[in-house]
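> just coords:
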């Protein structure tokens with residue numbers, strides 16, 4: 001039941017209407033309800049936050065590709081994430097051309113497959129580079145031969161293995177390249193109406209530039225969709241920075257090889273004496289037999305040692321360690 005007006009309020013309203021201070025049309029206006037259009041044929045299952053998180057994940061993936069692929073191709077590789085958008089799978093499949101390079105990746109333990117679409121000019125450039133060429137694409141597009149597909153399959157397996165680390169903050173996956181399709185007519189892996197997230201990446205190999213599209217069906221990431229938000233992603237990344245990388249770095253450094261050299265002494269002679277030096281001549285050093293030698297690791301003086309021999313080789317025995325505070 002609405003509020004009841006008092007007699008004074010009624011008199012004030014009548015007075016305002018008679019004086020023109022109040023427009024009667026304003027009393028008849030009702031607040032319009034906001035209605036949001038919803039397309040049931042294309043339900044928005046991927047929010048903007050989901051797409052932004054996918055961009056962050058694949059930016060990390062792009063950095064890994066830029067780091068690892070030059071070791072295989074012996075050429076500079078640059079990878080950049082262009083955008084991420086949500087589309088029905090039919091829009092993705094209808095945009096495919098022939099020939100096409102589609103890598104079908106099993107995203108275990110998640111259900112379904114993820115599709116990697118690599119531009120055909122990049123595929124031919126990779127084949128040309130791995131077979132000893134300069135990494136140039138073909139002038140005219142044609143179907144890939146069986147040998148070329150085997151070569152590309154090995155490269156796409158590397159692409160697939162590098163997906164593990166970027167997705168580690170969301171879910172531990174074990175991706176596996178199942179097969180490669182080159183005919184867009186056989187690209188119906190999921191329902192045409194299934195909503196997918198399409199992440200577009202620009203790849204530059206030397207002077208050759210092309211796109212790689214990653215098609216991620218909603219059914220594949222449905223079980224972890226709540227983790228595809230920036231808040232969860234960043235919080236998980238902070239939890240992983242608790243020193244676990246420190247152990248890995250220390251373990252790698254333990255096996256690093258550094259040059260070690262012992263300095264017997266120093267001497268200064270004239271250029272004339274140096275030019276006329278002969279076998280059997282003696283160069284006097286500034287150290288004595290009983291003096292300790294300086295031992296360097298790289299260019300840093302790190303140890304004191306005494307000269308000696310072991311088996312048939314010269315050697316030194318470390319007597320003290322030079323600390324930084326010294």
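That came through fine. Here the structure is a predicted model, which is why all the values come from computation and not from measurement. Numbers count the residues shown, from 1 in each chain.
> neighbouring contacts of the one helix or strand residue 314 maps to?
Remark: residue 314 resides in strand 313-321, with elements defined by DSSP states H and E. Contact with strand 313-321 is made by 262, 292, 293, 295, 302, 303, 304, 305, 306, 307, 308, 309, as judged by Cβ atoms under 8 Å, 6 or more residues apart in numbering. Yep, even glycine has a C-beta here, placed from its N, CA and C like the rest.
> for the residues you listed, which one is nearest residue 114?
Proximity of the contacts of strand 313-321 to residue 114 was ranked by Cβ to Cβ; the top entry is residue 302 with 50.6 Å.
> how about the closest residue in space to that closest one that isn't next to it in sequence, what does it touch?
Of all residues beyond its chain neighbours, the one nearest residue 302 is residue 322 (5.7 Å), with distances taken as Cβ to Cβ, 6 or more residues apart in numbering. Residue 322 makes contacts with 301, 302, 303, 304, as judged by Cβ under 8 Å, 6+ apart.
> about what we covered before: show me which residues of the strand holding residue 314 are buried.
Residues residue 316 are the ones in strand 313-321 that count as buried (16 or more other Cβ atoms under 10 Å).
> what strands line up against that strand, and which way round?
Each strand that strand 313-321 pairs with, and the sense of that pairing, follows from DSSP bridges: strand 300-310 (antiparallel).
> so how far is the strand it pairs with off the chain centroid?
Taking the mean C-alpha point of strand 300-310 and that of its whole chain, the gap between them comes to 45 Å (Cα atoms, centre = their mean, to the nearest Å).
> what does stretch 78-90 give?
For stretch 78-90, the distance between its averaged C-alpha position and the chain's averaged C-alpha position is 15 Å (Cα atoms, centre = their mean).
> pLDDT on that stretch, on average?
When pLDDT is averaged over stretch 78-90, the result is 88.
> same thing with stretch 306-320?
For stretch 306-320, the mean pLDDT works out to 86.
> what do you get for stretch 11-23?
Confidence over stretch 11-23, taken as the mean pLDDT, stands at 70.
> and if you look at stretch 207-218?
Across stretch 207-218, pLDDT averages out at 89.
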